[in-house]
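Enquirer: coordinates only, no sequence provided:
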């Protein structure tokens, strides 16, 4: 498989790439430690980033659906490039956008893509928050060499459950 050429985006810690099908993808690693300002373990000395994926139309002829395997390969390359370049201390979270009701499919796709490439010492923990018949999908990526690796996943899950109403609002804004 080939990868698309990617470049730094306009936001710090972001990468962009155009596809042969007329789409522009952006992968952003946005500092999100403020979500956890009251939790020392998850605040992690402000080394917390949310991974945000966006896609916009570059060409009005861009197909609305379809599989472009080069997108997967490119996103995997960007994740690998960024994770390996930041050391073992940062934590990464992601939230599946829910306005179009395709969040479960996005979560499944991200899990498949993540599992398909060598992440060395990084592990993905995926979660589903159930509330009032609504599912919210989110995840955490943590390095196995992080000094708090044994408590971070449980701490994260408990934090989100405790702050359910705030996280539901955050998910709606995606």
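Expert: In hand now; what should we look at? Just so you know, these numbers come straight off a predicted model, no measurement behind them. Numbers count the residues shown, from 1 in each chain.

Enquirer: CA atoms for contacts and neighbours, from now on please.
Expert: OK.

Enquirer: which parts of the helix or strand harbouring residue 80 are buried?
Expert: Assigned by DSSP states H and E, residue 80 belongs to helix 69-85. By 16 or more other Cα atoms under 10 Å, the buried positions in helix 69-85 come out as 71, 72, 73, 74, 75, 76, 77, 78, 79, 80, 83.

Enquirer: surely residue 145 forms part of a helix?
Expert: No. Going by DSSP: H, G, I helix; E, B strand; the rest coil, the assignment for residue 145 is coil, not a helix.

Enquirer: same for the helix holding residue 80, what does it pack against?
Expert: Applying 3 or more Cα pairs under 8 Å, 6 or more residues apart in numbering; DSSP states H and E, one finds that helix 69-85 contacts helix 103-115.

Enquirer: contacting residues around the helix it packs on?
Expert: Surrounding helix 103-115, the residues in contact under the criterion Cα atoms under 8 Å, 6 or more residues apart in numbering are 72, 76, 96, 97, 124, 126, 136, 137, 138.

Enquirer: in JSON lines, list the residues you listed along with secondary structure, pLDDT and distance to residue 17.
Expert: Conversion of these to JSON lines gives the following (DSSP: H, G, I helix; E, B strand; the rest coil; pLDDT from 0 to 100; distance: Cα to Cα, whole Å):
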{"residue": "72", "secondary structure": "helix", "pLDDT": "86", "distance to residue 17": "12"}
{"residue": "76", "secondary structure": "helix", "pLDDT": "87", "distance to residue 17": "13"}
{"residue": "96", "secondary structure": "coil", "pLDDT": "75", "distance to residue 17": "21"}
{"residue": "97", "secondary structure": "coil", "pLDDT": "63", "distance to residue 17": "20"}
{"residue": "124", "secondary structure": "strand", "pLDDT": "85", "distance to residue 17": "24"}
{"residue": "126", "secondary structure": "strand", "pLDDT": "83", "distance to residue 17": "26"}
{"residue": "136", "secondary structure": "strand", "pLDDT": "76", "distance to residue 17": "28"}
{"residue": "137", "secondary structure": "strand", "pLDDT": "78", "distance to residue 17": "26"}
{"residue": "138", "secondary structure": "strand", "pLDDT": "83", "distance to residue 17": "24"}
